[in-house]
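> Everything below, folded, please.
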Amino acid sequence: MSTTAPPSARPDSHDGHDSRDSHDSHDGRDSHDSHDGHPLRRATDRDTEHDPARPRPMRRAGDVVVTCRTVSLVVPARNEARNIPWVFEQIPRCVDEVILVDGSSSDATVPMARHCLPTVRSVAQRGPGKGNALRTGFAAATGEYIVMIDADGSMWPGEIPHFLHFLDHGYDFVKGSRCIGGGGSLDLTRVRSLGNRALLTVANRLYGARLTDLCYGYCAFRRSFLDALDLRSTGFEIEAEMIAHALRSGLRIAEVPSLELPRRSGRSHLHAVADGRRVLRTLITERPGARPSATAPAEEPR
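Down below sits the predicted model:
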């Protein structure tokens, strides 16, 4: 998996392309080829095809390496006018469609988005909460791949090509992780970190998974699996619901390193304790074998 440099260290981050091959940096082989056209091998090199520690996605009959696809970027926003210019400036050229989901902003979020990117599609959010915002954006997306990103500047759009790489090579759902090599967080408080680890442990045990991060909403997936994800949540817990339903549906999931940046300006809409309870309830009610949960939330969505 490719490591990612923060935008401050990437003057050419506008197009989001990394000059290093993502495979060369991890397979431990020499970059020089032998005379017969095959890469030279070291004595410590080994075949990882059947290594359970490095599982590979199972191939379907119609799987091919994708070289041309359309990408929709969904950006939920409420009163993010001061952050939109930086976020939109960093969007790489591989994105074909940008959908701004406006949550009844009282500032100039929508005009600013149109000023920065005249081709942006602005849609009004259906109902309160981040879950409603994302579901609105997903329904409006037309690309074969959908990427979701926050509008506060905490997620660098320059990482998008790394997510697309794994979708191109057979995975169905790709999520960012702050907890693997090349990832990290410049904004994770101690309370949020402890909560994330606790919820991650619950998720891995209930779903038989080996994820390294849970409460992080930088994700990409194939739009053809939107129905399989069966999203119903209205608040921040939608991120956990997406992962739970992807695991329950048997989708091929990959994690890529991601660096969480501090919010550029404004105040976060996240409430760690209340939203953590909603995530925990979602993980429990959506676990394999559980009864279908009610669609109405027990608490007012944020």
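> Now the phi/psi pair for the residue nearest the centre of the chain, please.
For the chain, the residue nearest the mean C-alpha position is residue 219 (1.5 Å; Cα atoms, centre = their mean). Dihedral pair for residue 219: phi -140, psi 160, per degrees, to the nearest 10.
> Just the pLDDT at it, thanks.
pLDDT, residue 219: 97.
> what do you get for residue 289?
78.
> which residues does the residue lying closest to the residue nearest to the centre of the chain once chain neighbours are set aside form a beta bridge with?
Distances taken as Cβ to Cβ, 6 or more residues apart in numbering put residue 175 closest to residue 219, at 4.7 Å, once the chain neighbours are dropped. Where C-beta positions appear, they are placed from N, C-alpha and C, glycine not excepted. Using DSSP bridges, the bridge partners assigned to residue 175 are residue 219, residue 255.
> list the contacts for residue 175?
Under the criterion of Cβ atoms under 8 Å, 6 or more residues apart in numbering, the contact partners of residue 175 comprise 211, 213, 216, 218-220, 243, 253-256.
> how close does it sit to residue 166?
Shown here: residue 175 relative to residue 166, a distance of 10 Å by Cβ to Cβ, to the nearest Å.
> Now the common contact residues for the two.
Counting by Cβ under 8 Å, 6+ apart, the shared contacts of residue 175 and residue 166 are 254, 256.
> Tell me where the stretch 151-300 of the chain has helices.
When assigned using DSSP state H, counting those that start in this stretch, the helices of the stretch 151-300 of the chain occupy the ranges 160-168, 190-207, 226-229, 238-248, 272-285.
> quick revisit: from the contacts of residue 175, which two are the most distant?
Within the contacts of residue 175, two members stand farthest from each other by Cβ to Cβ: 211 and 220, at 15.6 Å.
> Of the two, which one has the most company?
Neighbours per residue (other Cβ atoms under 10 Å) separate residue 211 from residue 220, with residue 220 holding more: 27 against 16.
> Pull the number of nearby residues for residue 168.
Applying other Cβ under 10 Å, we find 16 other residues in the vicinity of residue 168.
> separation between it and residue 243?
Spatial separation of residue 168 from residue 243 under the definition Cβ to Cβ is 21 Å.
> Equivalent analysis for residue 155, please.
When Cβ to Cβ is the yardstick, residue 155 and residue 243 sit 16 Å from each other.
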